[in-house]
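Asker: Provided below for reference: sequence and predicted model.
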Protein chains: 2
Amino acid sequence: MTYCLGIKTHQGLVMASDSRTNAGTDLVNICRKMFHFVQPGERVLTLMTSGNLSISQSVVTLLRKQWDEGKGLAVAETLYDAARVCGQMMRYVADLDRAALERDDFKFNTHLILGGQIHGQTHDLYLIYPQGNPICSTEDSPFLQIGEVKYGRPILDRGIRYEQTSLADASKYAIISFDSTMRSNVTVGPPIDLMIYEKDNFEITRHRRFSEEDPALVDIRAQWERALRRAIEELPPIYSDHTDRQF
Amino acid sequence: MTYCLGIKTHQGLVMASDSRTNAGTDLVNICRKMFHFVQPGERVLTLMTSGNLSISQSVVTLLRKQWDEGKGLAVAETLYDAARVCGQMMRYVADLDRAALERDDFKFNTHLILGGQIHGQTHDLYLIYPQGNPICSTEDSPFLQIGEVKYGRPILDRGIRYEQTSLADASKYAIISFDSTMRSNVTVGPPIDLMIYEKDNFEITRHRRFSEEDPALVDIRAQWERALRRAIEELPPIYSDHTDRQF
């Protein structure tokens, strides 16, 4: 499985991906799922992938080849066009592989998240479906997820607001969302790649890879669990004492 | 969809269920999914159901008929036997309905959670699969869920400990787990039935139904969101300031 998350706020973007891949439970590997395409000062594009690793690797390899030739993502005029370039590449790889995969009951299930900014335009965030069609995040839906999306969602639903959430806080929400997911699903695992993009910077502002034993990650997890326990204790009681039978 | 949760701690049981049923998005109803079978002083059994409503209603109707005749759950010697009685009833209803359902591509997907205590034994909690076979909660896995289980799980993974968690706190965790689930999946909805059983009481200690506008629920939700926001703010920063490029 995989978990990738993109958050868009008024200040910029936070993107994060796990690194665990598995083909069955006895073939587990580490594989990076976040890829940067940067022309400093002109465009920053970050792509994250979920689903069948062979498909997503083909998509990224071919997008990188185009990029190196000054085509595709290198010349897309808008982020919408860039999302369409990714979608076209998904359809191209589908033409190569889909029939052979489905003949053996494998799904063509790759999803992409594309985030970034092209000079002269606002920063933005897209999700691209296996069929190649894109959807965009909005101010009302300021985050997009692919892969194992459910465990890590409640904390985002409660916390992320396009206008109010700072990038500093959004990156904390992202880490907590990943920690919750990794705890409940062993097929999502570290290292976690975390990328922060401040709008109008046109370079990757920060990129950090958290290993399982990263002291910062261990600290955050311990502190978060203490805070949750305290928050539960401070909630008003659901029932008051042993003699309360009116409940 | 449905969400039902059972928690077993050293002090007793907390069980909770939502009340939303839907057949498609344009046929949404309220339906209780928690059922009590009580012989005061002798046995307390609480059953919760998920999946196809017609199947689960048949199972409960027929279990109630047996109970009223002094059979089935009324005379099961152990909670394991009671779980087996439920499983046998699932298989009986499967014999009645499964072929007809599957002919039209409906799944025979009912799951049950059974919790309670029979005099002379410890309190316990079972999940019964659609095939009729049961599994039991343990001290290491002190909660069981059926239906839409993912959104509400992280808070339980972080908080519930068989030996340490009081029933008062477990009931708060249950409410938060339900609130997280309802927020992320509109097919899980109020009223929420919450049942608390203190071990060795042999009667339902407390049972409360929370409507959507229940002031206690509204309060808990608001206070919880404030606490989470504060907890996020108090976490150490993922990056320190704008000049920190070592990240």
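Answerer: Structure received. Numbers count the residues shown, from 1 in each chain, chains lettered A, B, ... in the order given.

Asker: Going by C-alpha atoms from here, please, whenever you check contacts or count neighbours.
Answerer: OK.

Asker: helix, strand or coil for residue A:76?
Answerer: coil (DSSP: H, G, I helix; E, B strand; the rest coil).

Asker: What is the neighbour count of the closest residue to it other than its chain neighbours?
Answerer: Spatial nearest neighbour of residue A:76, chain neighbours left out: residue A:82 (5.2 Å); criterion: Cα to Cα, 6 or more residues apart in numbering or on different chains. Using other Cα atoms under 10 Å in any protein chain shown, residue A:82 has 22 other residues around it.

Asker: Could you tell me the model confidence score at residue A:82?
Answerer: Note on residue A:82: pLDDT of 98.

Asker: That one: which element?
Answerer: helix A:79-103 (DSSP states H and E).

Asker: check contacts around the residue nearest to residue A:76.
Answerer: A:72, A:73, A:76 (Cα atoms under 8 Å, 6 or more residues apart in numbering or on different chains).

Asker: Which of those sits closest to residue A:91?
Answerer: The nearest member of the contacts of residue A:82 to residue A:91, counting by Cα to Cα, is residue A:72 at 14.3 Å.

Asker: Need phi/psi at the closest one.
Answerer: Per-residue torsions, residue A:72: phi 60, psi -120 (degrees, to the nearest 10).

Asker: and of the contacts of residue A:82, the nearest to chain B?
Answerer: residue A:73 (26.3 Å; Cα to the nearest Cα).

Asker: Could you report the neighbour count for that closest one?
Answerer: 25.

Asker: That one reaches residue A:60, doesn't it?
Answerer: No: using Cα atoms under 8 Å, residue A:73 makes no contact with residue A:60, being 11.1 Å away.

Asker: Find the helix or strand that residue A:146 is a member of.
Answerer: strand A:143-147.

Asker: and the nearest residue to residue A:28 once chain neighbours are set aside, what is it in contact with?
Answerer: Distance criterion Cα to Cα, 6+ apart; nearest residue to residue A:28, sequence neighbours excluded, is residue A:22 at 4.3 Å. By Cα under 8 Å, 6+ apart, the contact set of residue A:22 is A:1, A:28, A:29, A:187.

Asker: Pipe those residues into TSV and attach secondary structure, neighbour count and distance to residue B:105 per row.
Answerer: What follows is the contacts of residue A:22, written out as TSV (DSSP: H, G, I helix; E, B strand; the rest coil; neighbours: other Cα atoms under 10 Å in any protein chain shown; distance: Cα to Cα, whole Å):
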residue	secondary structure	neighbour count	distance to residue B:105
A:1	coil	19	28
A:28	strand	12	35
A:29	strand	11	37
A:187	coil	21	30
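
Asker: Look up how far chain B lies from the residue nearest to residue A:76.
Answerer: Separation of residue A:82 from chain B (Cα to the nearest Cα, to the nearest Å) stands at 28 Å.

Asker: okay, the residue nearest to residue A:110 when sequence neighbours are not counted: pLDDT?
Answerer: Leaving aside its sequence neighbours, residue A:110 sits nearest to residue A:51 (Cα to Cα, 6+ apart; 4.2 Å). Looking at residue A:51, its pLDDT stands at 93.

Asker: Look up phi and psi at residue A:51.
Answerer: Backbone torsions of residue A:51, given as degrees, to the nearest 10, read phi 100, psi -170.

Asker: can you count the residues close to it?
Answerer: 20.

Asker: and what of residue A:181?
Answerer: Neighbours of residue A:181 (other Cα under 10 Å): 27.

Asker: mind checking the SS state of it?
Answerer: Once three-state DSSP is applied, residue A:181 turns out helix.

Asker: buried ones in stretch A:34-50?
Answerer: A:34, A:36, A:37, A:38, A:43, A:44, A:45, A:46, A:47, A:48, A:49, A:50 (16 or more other Cα atoms under 10 Å in any protein chain shown).

Asker: mind checking how far it is from the chain centre?
Answerer: 13 Å (Cα atoms, centre = their mean, to the nearest Å).

Asker: Is chain B within reach of that stretch?
Answerer: No: judged by Cα under 8 Å from any Cα of the partner chain, stretch A:34-50 stays clear of chain B, getting no closer than 15.6 Å.

Asker: how about that stretch as PDB, C-alpha atoms only?
Answerer: Coordinates of each C-alpha in stretch A:34-50 appear next as PDB, following Å, rounded to 0.1, in the frame of the first residue of the first chain:
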ATOM      1  CA  MET A  34       8.000  11.600  -4.500                       C
ATOM      2  CA  PHE A  35       9.700  13.200  -7.500                       C
ATOM      3  CA  HIS A  36      10.700  16.800  -8.100                       C
ATOM      4  CA  PHE A  37      10.900  18.700 -11.500                       C
ATOM      5  CA  VAL A  38      12.400  22.100 -10.900                       C
ATOM      6  CA  GLN A  39      13.500  25.000 -13.000                       C
ATOM      7  CA  PRO A  40      14.600  27.400 -10.300                       C
ATOM      8  CA  GLY A  41      12.800  30.800 -10.600                       C
ATOM      9  CA  GLU A  42      10.500  29.400 -13.200                       C
ATOM     10  CA  ARG A  43       8.600  26.300 -12.200                       C
ATOM     11  CA  VAL A  44       8.500  23.800  -9.300                       C
ATOM     12  CA  LEU A  45       6.500  20.600  -9.800                       C
ATOM     13  CA  THR A  46       6.400  17.700  -7.300                       C
ATOM     14  CA  LEU A  47       4.700  14.400  -8.200                       C
ATOM     15  CA  MET A  48       3.700  11.600  -5.900                       C
ATOM     16  CA  THR A  49       2.500   8.100  -6.900                       C
ATOM     17  CA  SER A  50       0.400   5.300  -5.500                       C
END
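
Asker: Need the residues that contact that stretch.
Answerer: A:1-4, A:16-17, A:33, A:56, A:60, A:67, A:73, A:109-119, A:146-147, A:193, A:201-204.

Asker: Tell me the buried residues within those.
Answerer: When the contacts of stretch A:34-50 are checked against 16+ other Cα under 10 Å, the ones flagged as buried are A:1-4, A:16-17, A:33, A:56, A:60, A:67, A:73, A:109-118, A:146-147, A:193, A:201-204.

Asker: Out of the residues you listed, list just those in helices.
Answerer: Among these, the members falling in helices (DSSP state H) are A:56, A:60, A:67.

Asker: can you give me the strands for chain A?
Answerer: A:3-9, A:12-17, A:20-22, A:28-30, A:34-39, A:43-50, A:111-118, A:124-128, A:134-136, A:143-147, A:192-198, A:206-210 (DSSP state E).

Asker: which stretches of chain A aren't confidently modelled?
Answerer: A:240-247 (pLDDT under 70).

Asker: what residues does it put near chain B?
Answerer: So far as Cα under 8 Å from any Cα goes, chain A lies against chain B at A:150-154, A:157-159, A:168-169, A:171-173, A:180-181, A:183-184, A:205-208, A:216, A:220, A:223-225, A:227-229, A:231-233, A:235-239, A:245, A:247.

Asker: In this model residue A:117 seems to touch residue A:199, though I could be wrong.
Answerer: Yes: with contacts counted by Cα under 8 Å, residue A:199 reaches residue A:117, the gap being 7.4 Å.
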